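> Task: produce atomic coordinates for the following.
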Amino acid sequence: MSKTIFSKIIAGEIPADIVHEDDLVVAFRDISPQAPVHILIVPREEIPGVDFLEERHREVIGHMLLTAKKLAHREELDEGYRLVINSGEKGGQTVDHLHLHLLGGRSMQWPPG
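You can find the predicted model right below:
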């Protein structure tokens, strides 16, 4: 199985605008932003998507959400932001590596699309 683009970013093989990294996750700015702030929070472990989560992933999933909160405050998104995880092709997932989108800096519409 070949590495995903996100695994290559995590490994430093592809450049990215990294805004946070620790032992569990790496966060970087999306190259095709859908909002003024669009950050992807990606687990270091290559988990293909939500349907591949197991009980052992509890810590990393919780850490992804707490990292999103921290980054939202750092980016001054105090008036609100959106967190999105796409699952599967019809759900809009384009990279088979679990990731959380942090979107903010503008009003979000509902339904999202």
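> how about the helix ranked longest in the chain: buried residues?
Scanning the chain for the helix with the most residues, using DSSP state H, yields helix 58-74. Neighbour counts over helix 58-74 (16 or more other C-beta atoms under 10 Å) mark V60, I61, H63, M64, T67, A68, L71, A72 as buried. Where C-beta positions appear, they are placed from N, C-alpha and C, glycine not excepted.
> Find the nearest non-adjacent residue to the third one, please.
So that's H63. L24 (4.8 Å; C-beta to C-beta, 6 or more residues apart in numbering).
> still on that earlier bit, from the chain's centroid, how far away is the longest helix of the chain?
Chain-centre distance of helix 58-74: 10 Å, with C-alpha atoms, centre = their mean, to the nearest Å.
> what's the next secondary structure element after it?
strand 81-84 (DSSP states H and E).
> Note down every partner strand of that next one and its orientation.
strand 100-104 (antiparallel) (DSSP bridges).
> would you put the C-alpha positions of the partner strand in CSV?
Extracted as CSV, the C-alpha positions of strand 100-104 are listed here (Å, rounded to 0.1, in the frame of the first residue of the first chain):
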residue,chain,number,x,y,z
LEU,A,100,-10.5,16.8,10.6
HIS,A,101,-11.2,20.1,8.8
LEU,A,102,-11.1,23.3,10.9
LEU,A,103,-13.0,26.0,9.0
GLY,A,104,-13.6,29.6,10.1
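> and the strand ranked longest in the chain, which strands flank it?
The longest strand of the chain (DSSP state E) is strand 37-43. Neighbouring strands of strand 37-43 in its sheet, by DSSP bridges, are strand 25-29 (antiparallel), strand 100-104 (antiparallel).
> who does H20 bridge with?
In beta-bridge terms (that is, DSSP bridges), H20 pairs with A27.
> burial count for it?
The tally of other residues near H20 (other C-beta atoms under 10 Å) stands at 15.
> which ones are touching it?
Shown in contact with H20 (C-beta atoms under 8 Å, 6 or more residues apart in numbering): V26, A27, I41, T67, K70, L71.
> Out of these, flag the one nearest to K8.
K8 has its nearest neighbour among these in V26, at 11.3 Å by C-beta to C-beta.
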